[in-house]
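J.: What follows is a predicted structure for the sequence shown.
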Amino acid sequence: MANSSAKIAVADIVALRELTGAGMMSAKAALEEAGGDQDKAVAILRKKGEASAAKRSDRATEAGLIDAYIHNGSIGVLIEVNCETDFVARTDDFKTLVHDLAMHVAAHDPQYLTPDEVPDDVIEREKAIYIEEAGDKPAEIAAKMIAGKLDKYLASLCLLQQPYLKDDKLTVEAYIKQLIAKLGENITVRRFVRYQLGD
């Protein structure tokens, strides 16, 4: 267990705060718990942020923003992201999130928000390809291979499961959870649409 009484430099607390968006006291506590190790402190704050976000996930989100992003005149995106209050919707953090998500949709072309929205016929068609690829492998190995490929395919199609445009170590969903923890409100992506010239 890390020595929580270890002296933590103010510069380290400020650096961690800038990196994660956590409050000063939370950053200090995480660094103390991690024995001064920045990477461990980031992991601690991420876990706490996800736990905090989970507690807020059932709160109604009736405020928010709609944002538009046009890329080189050939790709256009409209996205609606909701939060609980107009106060949070007007913050720079929230506005930046919404715009970054619009840019992400332009770059990564998700087809659905979550795997639950993917139609059964799309899943069955893809699964049939993986079953054929598995050939005569033993049933247990084939089942794991098919499930793994299907999970990867669904993640590539769904916005919340895609690696986030500005930090590919996080999914879009994990990034949103970090902001939920920072802003103290539930945040949900309600809908998006992407247009590509000629499609």
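T.: Looks like it came in fine. Numbering: from 1, shown residues only.

J.: From here on, just use CA atoms for contacts and neighbour counts.
T.: OK.

J.: List the buried residues in stretch 84-95.
T.: Within stretch 84-95, the residues that qualify as buried by neighbour count (16 or more other C-alpha atoms under 10 Å) are 84, 88-89, 94-95.

J.: now those as CSV including secondary structure?
T.: What follows is the buried residues of stretch 84-95, written out as CSV (DSSP: H, G, I helix; E, B strand; the rest coil):
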residue, secondary structure
Glu84, coil
Val88, helix
Ala89, helix
Phe94, helix
Lys95, helix
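
J.: For Asn186, state which of those residues is nearest.
T.: The shortest gap between Asn186 and any of the buried residues of stretch 84-95 belongs to Glu84, at 6.3 Å (C-alpha to C-alpha).

J.: wait, the closest one sits on Ile187?
T.: Yes. Proximity of Glu84 to Ile187 meets the contact threshold set by C-alpha atoms under 8 Å, at 7.3 Å.

J.: coming back round to it: Throw the buried residues of stretch 84-95 into a markdown table and include pLDDT and distance to Ala9, thanks.
T.: What follows is these, written out as a markdown table (pLDDT from 0 to 100; distance: C-alpha to C-alpha, whole Å):
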| residue | pLDDT | distance to Ala9 |
| --- | --- | --- |
| Glu84 | 90 | 36 |
| Val88 | 91 | 31 |
| Ala89 | 93 | 34 |
| Phe94 | 96 | 30 |
| Lys95 | 96 | 32 |
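
J.: And for this protein, the residue most distant from the center?
T.: For the chain, the C-alpha farthest from the mean C-alpha position belongs to Asp136; by C-alpha atoms, centre = their mean, that distance is 37.4 Å.

J.: Phi and psi next, for it.
T.: Summarising the backbone geometry of Asp136 under the convention degrees, to the nearest 10, its torsions are phi -100, psi 30.
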